[in-house]
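Colleague: no sequence on hand, only this structure:
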C-alpha cells in the first residue's frame with residue numbers, strides 16, 4: 001500500500017476490507033541489555049533498579065526469582081529493596097513478559113558478604129577484631145560486631161574478622177597502642193547508652209566490667225579452637241593484652257601519684273606511668289639539669305584510673321620540642337594533674 005501500513009482486500013460482492021498494521025519488534029530485549037553481578041553487605045540496605053524491557057508488545061510484566069533473604073522485588077518499579085540478612089550467593093533470573101505472553105530473561109548473581117570493617121574506617125584490621133572481642137556475647141539486631149548477622153556476637157564473628165585481617169592487613173606494629181583507643185570508644189558507647197544521671201564513675205566501672213567479661217569469654221572460646229586454627233591462635237596474645245588493659249582500667253586508685261619511668265636508664269625511649277584518683281587535665285614536662293624545659297607533653301583530660309602499661313602511660317621518645325635527640329645525662333619530669341604536681345628523675349645513657 002502507499003503508506004506501507006494499510007492492506008486492502010477485495011471480494012466478489014464488492015466489499016473492501018482494510019487492515020492497518022502497527023510494526024512491532026518480535027524480540028523482547030532490555031535496555032541496558034545486561035545486569036552486572038551484584039555484591040552487597042549483610043545488614044546494609046539495598047536499592048537497585050533493573051533494566052526496562054523494549055520490543056515485543058507492551059505492557060510488560062516483570063518478575064525476579066531467587067532473592068537473598070531480606071530482599072524483595074517490586075515488579076511495578078523494577079526495584080530490589082530491603083536489607084540482606086544472610087551471607088551467600090544467589091543465582092537470580094529477571095524476566096519480562098509482554099502482552100502476548102512472549103518473554104525474555106537476564107541472569108545474574110547476588111552475593112551477600114559480611115561487613116568486616118566494624119568501625120567503618122575503610123580497612124579491616126586489628127581494631128575491628130578488638131571490637132568483636134569487646135562486644136562478645138552481645139545479642140541483638142543490627143550489631144556492627146555481629147558480622148554474620150545471626151543475632152549474637154560470637155566466635156564465628158571473631159574467626160571471620162580474623163581471616164579478613166589476615167587477608168587485608170597483617171598484624172600492625174601499632175596494635176598495642178591502638179588497644180586503648182578502641183577501649184575508650186567501646187566504653188563511650190556504654191556510657192551514652194546509660195541514663196544521663198548514671199554517667200558517673202560507677203557507671204564507667206560497670207561498663208568496664210561488662211567489657212572485661214566479654215573479652216574474657218572471647219579469650220576462653222578462641223583458646224579452645226586455637227589448637228586447630230593457626231589464624232585464631234595468632235590472636236591470643238592480643239586478647240590477653242586487651243584483658244590486661246581492661247583490668248588496669250577498672251582499678252581506681254585512692255591517691256594521684258607520679259610513678260618511676262621505665263626503663264631507666266634508657267635509650268632512646270621511655271614510658272612514664274602515673275595514676276589518677278579523680279579526672280584531671282594532665283600535663284608532663286621534661287626539664288634538663290639546669291631547669292630548662294626540654295619537652296612539654298599535653299596528655300589532655302584523663303579519667304580516674306591507672307596509667308601504667310605502655311598503652312596508657314605517658315611516652316617520651318628522648319627528643320626535644322623540635323625533634324632533636326637530647327644528650328645523655330640526668331633529666332627531671334614533672335606531672336601536673338589538676339592541683340597535683342610531682343617531680344621525679346630519669347637518666348638517658350647512650
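Modeller: Happy to help now that I have it. All figures in this text were calculated on a predicted structure; none of them were measured in a lab. Numbers count the residues shown, from 1 in each chain.

Colleague: and the longest helix along the chain, what does it pack against?
Modeller: Ranked by residue count and defined by DSSP state H, the top helix of the chain is helix 201-226. Secondary-structure packing of helix 201-226 (3 or more C-beta pairs under 8 Å, 6 or more residues apart in numbering; DSSP states H and E): helix 126-134, helix 155-168, helix 175-193, helix 230-233, helix 236-250. The C-beta positions use only the backbone N, C-alpha and C, and glycine is treated the same way.

Colleague: mean pLDDT for those helices: which is lowest?
Modeller: Among the helices and strands packed on helix 201-226, helix 175-193 has the lowest mean pLDDT, at a mean of 56.

Colleague: which SS class is the residue lying closest to residue 253 once chain neighbours are set aside?
Modeller: Distances taken as C-beta to C-beta, 6 or more residues apart in numbering place residue 275 nearest to residue 253, at 4.3 Å, with adjacent residues excluded. Of the three states, residue 275 takes strand under DSSP: H, G, I helix; E, B strand; the rest coil.

Colleague: so where's this protein uncertain?
Modeller: For the chain, the stretches with pLDDT under 70 are 1-26, 166-206.

Colleague: which ones are touching the residue nearest to residue 42 when sequence neighbours are not counted?
Modeller: What sits nearest to residue 42 in space, not counting adjacent residues and going by C-beta to C-beta, 6+ apart, is residue 149, at 4.5 Å. Counting by C-beta atoms under 8 Å, 6 or more residues apart in numbering, residue 149 touches 42-43, 85-87, 114.

Colleague: any idea how far residue 149 is from residue 87?
Modeller: As judged by C-beta to C-beta, to the nearest Å, residue 149 and residue 87 stand 8 Å apart.

Colleague: quickly list what's touching both of these two.
Modeller: Common neighbours of residue 149 and residue 87 (C-beta under 8 Å, 6+ apart) are 42, 114.

Colleague: buried stuff in stretch 127-144?
Modeller: Of the residues in stretch 127-144, 127-136, 138, 143-144 count as buried by neighbour count, 16 or more other C-beta atoms under 10 Å.
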